[in-house]
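**Q** predicted coordinates and the sequence they were generated for:
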Amino acid sequence: MIRVLVCDDHQIVRQGLRQMLADANDGASAAGGEGIAVAAEADRGAEAVRLVRALHAQKTPIDVVLMDIAMPQRDGLDVLKQLKGEFPKLAVLMLSTFPDKQYAVRCLKLGAAGYLNKSADSEQMSAAIRKVAAGGLFITPVVAEQLAGALSVKALGKAGDEAAPHERLSHREYQVLRLLAAGRSVGEIAEQLSLASNTISTYRARILEKTGARNDVELALYAVRQELQPL
């Protein structure tokens, strides 16, 4: 049995995923495939980390974490980075409603075992879970194309010429960019990310330099042109 932890801040989404996996389980049982069980749920990243630690200590470890990207306090990428730091072999499958081009490659670079849009059906969801639980990498054809493009740009050494400015931002810089684009102040972002205001101001200065924007209004316009959805 594959033990799954579902992390999403919306209860209705967690219930929907649980039902989707239960339905997929019925089909797997009939075909003699390995079952999938939702062993735990979390509505915050910190709770997900706590549960993974606790279940690992109890010798009943989680096999796969289904992690939403957009969550309050700490986003899924922050939690992904922490989980992979503490449990390198843990398979984390990222879920999102954002277009694949916004986050898929970033997730994989941070150690995710796969990236899946929440619009996926039960068959694709269960196939993804089984693949990453077995140690594989789950990527859709669209994500594979994006990953190949990112790797080719890096190999050719043309990131400055071919990659969009926001694609060269670090994870934290990208996170701050999207919060600034949403109209958040430096103080509000600092509070949300539990960082000092001076630190956020430093990230903001780097973002302005890398994107060529002169102020927060131009950053917001840049985000609109690049179709970057604000947090």
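**A** The structure has been received and is ready for your questions.

**Q** this protein: strands as residue ranges?
**A** Using DSSP state E, the strands of the chain run over 2-7, 36-42, 64-68, 91-96, 114-117.

**Q** just give me the longest helix of this protein.
**A** Longest helix in the chain, counting residues (DSSP state H): helix 11-31.

**Q** that one to strand 36-42, inter-axis angle?
**A** Orientation check (axes from the mean of the first three to the mean of the last three CA atoms, to 10 degrees): helix 11-31 against strand 36-42 gives 160 degrees.

**Q** to Leu193, which of the strands of the chain lies closest?
**A** strand 64-68 (17.2 Å; CB to CB). From N, CA and C alone the C-beta is placed, and that goes for glycine too.

**Q** now the closest one against strand 91-96, angle please.
**A** Going by the same axes, to 10 degrees, strand 64-68 makes 20 degrees with strand 91-96.

**Q** tell me if I'm right that Ala213 and Leu219 touch.
**A** Yes. With contact defined as CB atoms under 8 Å, Ala213 and Leu219 form a contacting pair (4.6 Å).

**Q** between these two, what contacts are shared?
**A** Ile207 (CB atoms under 8 Å, 6 or more residues apart in numbering).

**Q** if I look at Val52, how far off is Val105?
**A** 24 Å (CB to CB, to the nearest Å).

**Q** ditto for Gln124
**A** With CB to CB as the criterion, Gln124 and Val105 are 20 Å apart.

**Q** the two: who's more crowded?
**A** Val105 (20 against 15; other CB atoms under 10 Å).

**Q** so the more buried one makes contact with Ala144?
**A** No. In this structure, Val105 is not within contact of Ala144 by CB under 8 Å, at 10.3 Å.

**Q** mind jotting down where the helices sit in this protein?
**A** 11-31, 45-57, 76-86, 100-109, 122-133, 141-156, 159-162, 171-181, 186-193, 197-211, 216-225.

**Q** give the buried residues for the fifth one.
**A** To tie it back to what came earlier, the one meant is helix 122-133. Ser122, Met125, Ser126, Ala128, Ile129, Arg130, Lys131, Val132, Ala133 (16 or more other CB atoms under 10 Å).

**Q** same question for the last one.
**A** Within helix 216-225, the residues scored as buried using 16+ other CB under 10 Å are Asp216, Leu219, Ala220, Tyr222, Ala223.
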